[in-house]
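Asker: got a predicted structure plus its sequence, pasted below:
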Amino acid sequence: MLVTNINVIGANLFHSPLRGTIDMVMLFQLIAVAFACSVTLIIGKHIRVEILVTKLPQCVQAITASIISLLTLGLFVLIIWRLCVLGYSFQTGGETTATAHIPIYPFAYGVAFASIPVCLVILHEFLSSLARVIKR
């Protein structure tokens, strides 16, 4: 928000906008969203749609939760792996933003790093639902 305000004031009052504002805002949003997703999942404030699952017996609910958690964990492990590959590609290729020439690779690694807590929470959910299946 500060960067946007500086850009608007600089452009309107001094006829000199801040160079690379779009790049900086884009990268700041990327960081904010990646880490906000992790925090939201950790504190349990994410949205779940359980219309059909709540009508099933408890054992079937636990089995379904285990399968979904395992598939979700696999998806996030795949996302982390591909983000690391992408970050390495950006790093070796010297990729930068278009106007501010900010290196992009740290942000790919940052999003991958922000996804690690998501994997840990999903692993915990998987183990909890698996324990419910075994308990039944």
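Answerer: Looks like it arrived, so ask away.
Asker: only C-alpha atoms for contact and neighbour calcs from this point on.
Answerer: Will do.
Asker: top helix in the chain by residue count?
Answerer: Counting residues, the longest helix found in the chain (DSSP state H) is helix 58-93.
Asker: remind me which residues of the protein are low pLDDT?
Answerer: 3, 5, 7, 10-11, 15-18, 136 (pLDDT under 70).
Asker: element containing the residue most central in space within the chain?
Answerer: Residue closest to the mean C-alpha point of the chain, counted by C-alpha atoms, centre = their mean, is residue 34 at 3.4 Å. Element membership for residue 34, per DSSP states H and E: helix 21-42.
Asker: so what secondary structure elements neighbour that helix?
Answerer: Counting contacts by 3 or more C-alpha pairs under 8 Å, 6 or more residues apart in numbering; DSSP states H and E, helix 21-42 is packed against helix 2-13, helix 105-135.
Asker: rewinding a little: and the longest helix of the chain, what other elements does it pack with?
Answerer: The contact analysis (3+ C-alpha pairs under 8 Å, 6+ apart) places helix 58-93 against helix 105-135.
Asker: show me what counts as buried in the helix it packs on.
Answerer: Within helix 105-135, the residues scored as buried using 16 or more other C-alpha atoms under 10 Å are 105, 107-115, 117-119, 121-123, 125-126, 128-130, 132-133.
Asker: on that earlier part again, which one of the helices and strands packed on helix 21-42 lies closest to residue 89?
Answerer: For residue 89, the closest of these is helix 105-135, at 7.9 Å, according to C-alpha to C-alpha.
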